[in-house]
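Chemist: Give me a model of this one.
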Amino acid sequence: MNDVTLAPAQTARDRSAVRLLVLDPDEGVRRTCSFSELPALLDPGDLLVLNDAATLPASLRAQLGPIPLELRLASASPRGYWAVLFGPGSWRQRTEDRPPPPLVRAGTVLRLATMEAEILAVDPRSPRLVELRFSLEGGAWWKALYAEGRPIQYAYHRDPLALWSVQNSYGARPVAFEMPSAGRAFTLATFLALRRRGIELAWLTHAAGLSSTGDPALDRRLPLPEQFEVPAATSSKVARAQARGKRVLAVGTSVVRALESSARLGRAAGITELRLGPADRRTVVTDLLTGMHVPGESHYELLHTFAAPERLALANVRAAQEGLLSHEFGDLTLILRKSAARRAA
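Modeler: Alright, predicted model coming up:
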């Protein structure tokens, strides 16, 4: 069952087309439905927490002498950014088929269209992961980034992605390197329906990083350290939901990492290296709305804190049978335990 794979969405399809597989960790798959039915599956007073990070155009073309490269920004650093280097080619090739970049060292300067990037450090475990400092700062840097950059994209998409297509409707600060895609299906109509149902909403910011590099050793280290910030208002809403015995439902694995990191570190903001897996216990998040993930992904490992392996494996079988789609423009899984009120009904 662990060999089940899901077909990726080939285009940035309409948000209203998203389907929802509902998995009860105790009872198994309950059903598959339209995402629009989400409000009816929740109880008044439940809390949804969403990641409001907007997506950066984090793919940049560069030159090392005559050799064309691609930089994919992966995370912020105190001195600039960490980025993954790719050799010649484009997103139309699978990341694992891209040629490796030439070896670089600290002090190497890469040239972009309107600026330069100096390599400050090379990761000792992966020469493709480098820390960069750009020659522009402030407004000039942001102007150049949006002029030269484009969204990070993978070969399973047929057409080039526009930046707007990788934004959630409620995106705010541009700090995510890839879209926090579990929230993509939310529209104004969804939020109005949730409000009418009495569902509480809260927001945090988590700088979602790369989902794949094509380098198996580097992929095993994902997610890389990422910035998060949990506002005081969100912490208060979480505490209130917990006190009332209501669900705290994370919209996306980045929200899980932010809330659980904040609780573990005792800080509202910072850098998290938290990776959750079968041996870990959550202290904040009770339920999860997430994309369709498969074994081998760090996101899938996190799902094991919500449901047993056999439940997840059977859910993937069901998803494949029903033609559900994976990746950032795909369908969603709702891992949701029945509330006490619904168990009693």
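
Chemist: what about residue 122, neighbour count?
Modeler: Residues lying near residue 122 (other C-beta atoms under 10 Å) number 18. To be clear about C-beta, it is placed using only N, CA and C from the backbone, and glycine gets the same treatment.

Chemist: I'd like the distance between the residue lying closest to residue 145 once chain neighbours are set aside and residue 240.
Modeler: Spatial nearest neighbour of residue 145, excluding adjacent residues (C-beta to C-beta, 6 or more residues apart in numbering): residue 57 at 6.4 Å. According to C-beta to C-beta, to the nearest Å, residue 57 stands 38 Å off from residue 240.

Chemist: Of those two, which one has the most company?
Modeler: Using other C-beta under 10 Å as the criterion, residue 57 and residue 240 rank with residue 57 on top: 19 against 14.

Chemist: residues touching the more buried one, list them.
Modeler: 145, 146, 148, 149, 150, 151, 163 (C-beta atoms under 8 Å, 6 or more residues apart in numbering).

Chemist: Just the pLDDT at the first one, thanks.
Modeler: This means residue 145. For residue 145, the pLDDT comes out at 98.

Chemist: Confirm residue 82 sits in a strand?
Modeler: Yes: assessed with DSSP: H, G, I helix; E, B strand; the rest coil, residue 82 lies in a strand.

Chemist: pretty sure it contacts residue 131?
Modeler: Yes: here residue 82 reaches residue 131: they are 5.4 Å apart, a contact under C-beta atoms under 8 Å.

Chemist: Comparing these two, which shows the higher neighbour count?
Modeler: residue 82 (23 against 19).

Chemist: Please report how far residue 21 lies from residue 42.
Modeler: 16 Å.

Chemist: which residues sit in contact with residue 336?
Modeler: Residue 336 neighbours (C-beta under 8 Å, 6+ apart): 22, 23, 24, 41, 42, 247, 249, 287.

Chemist: about what we covered before: mutual contacts of residue 82 and residue 131, please.
Modeler: With C-beta under 8 Å, 6+ apart as the test, residue 82 and residue 131 both reach residue 123.

Chemist: among the contacts of residue 57, who's most crowded?
Modeler: residue 151 (24 neighbours).

Chemist: Would you mind giving both backbone torsions of it?
Modeler: Torsion angles at residue 151 (phi, psi; degrees, to the nearest 10) stand at phi -60, psi 140.

Chemist: my read: it touches residue 166, true?
Modeler: Yes: contact criterion C-beta under 8 Å: residue 151 and residue 166 qualify, at 4.7 Å.

Chemist: Now do the shared contacts for those two.
Modeler: 55, 179.

Chemist: Residues in a beta bridge with the residue lying closest to residue 269 once chain neighbours are set aside, which ones?
Modeler: Setting aside the residues directly before and after it, residue 269 is nearest to residue 229 in space (C-beta to C-beta, 6+ apart), at 4.1 Å. Going by DSSP bridges, residue 229 is paired in beta bridges with residue 205, residue 269.

Chemist: pretty sure residue 229 contacts residue 268?
Modeler: Yes: counting by C-beta under 8 Å, residue 268 is a contact partner of residue 229 at 6.6 Å.

Chemist: Specify which residue of the two has the higher count of neighbours.
Modeler: Set residue 229 next to residue 268 and count neighbours by other C-beta under 10 Å: residue 229 wins out with 20 against 14.

Chemist: Do I have it right that residue 222 meets residue 296?
Modeler: No: using C-beta under 8 Å, residue 222 is not in contact with residue 296; the gap is 11.1 Å.
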